[in-house]
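>>> what would the 3D arrangement of this be:
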Amino acid sequence: MRTLFEAALLAMRLSAALLVTGIGIGTGIPVLAAETEPSQDLVTAFWHAANAEQRAASRTRLLEASDDVQELYRWLKVGPHYAEDEPTGLQQLSRSGINRVEFPYAVFIPDSYDAATPNALEVILHGGANRTAPPPGPNYYRRTIEGAGDRSRILVVPGAWKDALWWHENQAENIPAILDAVKRRYNVDENRVSLAGISDGGAAVPISTPSSSPPSGPHSSPTSVIPACCAMQAGAVSTICTLKT
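Here you go, the predicted model:
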């Protein structure tokens with residue numbers, strides 16, 4: 001059985017490798033499944049871990065595979081691989097958030113999506129958030145996405161209502177968790193992730209920051225929002241704030 005001292009040393013080695021690679025900042029160049037080696041399977045399992053238990057188990061397997069910081073650095077620098085058969089187009093999804101509240105959201109993946117290439121992603125906060133219930137059906141999200149204009153990037157539209165307004169704590173947990181889920185499936189360029197809003201969604205852009213929620217994995221490292229312009233425009237997406245990790 002590994003002693004606490006040995007476990008601490010292994011954890012320090014992985015932490016050092018993560019720090020050097022800047023994991024969570026999108027510096028790696030992910031490879032496709034057909035090209036992967038056993039080491040990259042380990043990195044992929046770590047990167048795509050769905051919860052703390054899976055993350056801890058995959059971290060342990062990584063550390064047992066190598067205790068050399070430079071080797072771990074090389075593995076992490078290459079990054080994970082992404083499935084080539086993930087669906088494209090509009091997807092209406094949901095997740096269970098604080099107090100098991102269901103948060104609906106939509107993801108639009110362009111037909112041009114290439115799993116081998118990091119893609120830009122934009123989160124759009126819709127207007128009319130003070131409704132009594134979550135936004136209904138895919139048509140609502142489709143209108144928001146069509147209003148975004150440039151649909152060559154990945155678009156994410158969370159849902160908000162009076163019990164989950166953009167500036168509420170449950171949304172501070174929800175938005176980065178949605179981003180985390182999307183980044184597990186799709187190759188996202190972390191240096192081209194932006195936040196935009198329509199109407200009261202535009203007003204919420206400066207305060208709807210993923211930094212409000214503690215990091216839960218490699219995708220949700222501490223994030224800050226740099227406001228570029230957050231004007232409200234009727235029927236049009238407000239100009240973007242850039243999310244830098």
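
>>> domain ranges for this structure?
4-78, 89-244 (automatic domain parsing).

>>> what is the mean pLDDT for the shortest one?
The reference is to domain 4-78. When pLDDT is averaged over domain 4-78, the result is 66.

>>> where do the helices sit along this structure?
Using DSSP state H, the helices of the chain run over residues 4-21, 38-47, 52-65, 69-78, 137-146, 169-185, 200-204.

>>> point out the most buried one among these.
Most buried of those, by mean neighbour count (mean count of other CB atoms under 10 Å): helix 200-204, with a mean of 23. (Each C-beta comes from the backbone N, C-alpha and C, glycine too.)

>>> okay, now the closest residue to residue 178 other than its chain neighbours: neighbour count?
Using CB to CB, 6 or more residues apart in numbering and skipping residues adjacent in sequence, the residue nearest residue 178 is residue 105, 5.4 Å away. As a burial measure, residue 105 scores 24 neighbours (other CB atoms under 10 Å).

>>> sorry, back to before: between the helices of the chain, which one is nearest to residue 89?
Proximity to residue 89, assessed across these by CB to CB, is greatest for helix 137-146 (10.4 Å).

>>> what packs against the closest one?
Packed against helix 137-146 by the contact rule (3 or more CB pairs under 8 Å, 6 or more residues apart in numbering; DSSP states H and E) you find strand 89-96, strand 102-109, strand 154-158.

>>> let me have the ones you listed in CSV, adding distance to residue 59 and mean pLDDT as columns.
Below are those laid out as CSV (distance: least, CB to CB, whole Å; pLDDT from 0 to 100):
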stretch, distance to residue 59, mean pLDDT
strand 89-96, 24, 93
strand 102-109, 28, 95
strand 154-158, 27, 95
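
>>> JSON lines for the ones you listed, including distance to residue 62?
Output for the helices and strands packed on helix 137-146, formatted as JSON lines (distance: least, CB to CB, whole Å):
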{"stretch": "strand 89-96", "distance to residue 62": "27"}
{"stretch": "strand 102-109", "distance to residue 62": "29"}
{"stretch": "strand 154-158", "distance to residue 62": "28"}
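
>>> just name the most buried of these.
Across those, averaging neighbours per residue (mean count of other CB under 10 Å) puts strand 154-158 on top, at a mean of 25.

>>> turn the helices of the chain into JSON lines, columns for distance to residue 101.
Formatted as JSON lines, the helices of the chain follow (distance: least, CB to CB, whole Å):
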{"stretch": "helix 4-21", "distance to residue 101": "32"}
{"stretch": "helix 38-47", "distance to residue 101": "27"}
{"stretch": "helix 52-65", "distance to residue 101": "21"}
{"stretch": "helix 69-78", "distance to residue 101": "35"}
{"stretch": "helix 137-146", "distance to residue 101": "18"}
{"stretch": "helix 169-185", "distance to residue 101": "6"}
{"stretch": "helix 200-204", "distance to residue 101": "18"}
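
>>> how about these, which one is nearest residue 109?
helix 169-185 (9.0 Å).

>>> list the helices and strands the lengthiest strand in the chain packs on?
Across the chain, the longest stretch assigned as strand under DSSP state E is strand 188-197. Counting by 3+ CB pairs under 8 Å, 6+ apart, the packing neighbours recorded for strand 188-197 are strand 119-125, helix 200-204, strand 241-244.

>>> let's see 7 Å
The contact analysis (3 or more CB pairs under 7 Å, 6 or more residues apart in numbering; DSSP states H and E) places strand 188-197 against strand 119-125, strand 241-244.

>>> okay, the angle between it and strand 154-158?
Angle, strand 188-197 to strand 154-158, by axes from the mean of the first three to the mean of the last three CA atoms, to 10 degrees: 50 degrees.

>>> list the buried residues in strand 188-197.
188, 190, 192-197 (16 or more other CB atoms under 10 Å).
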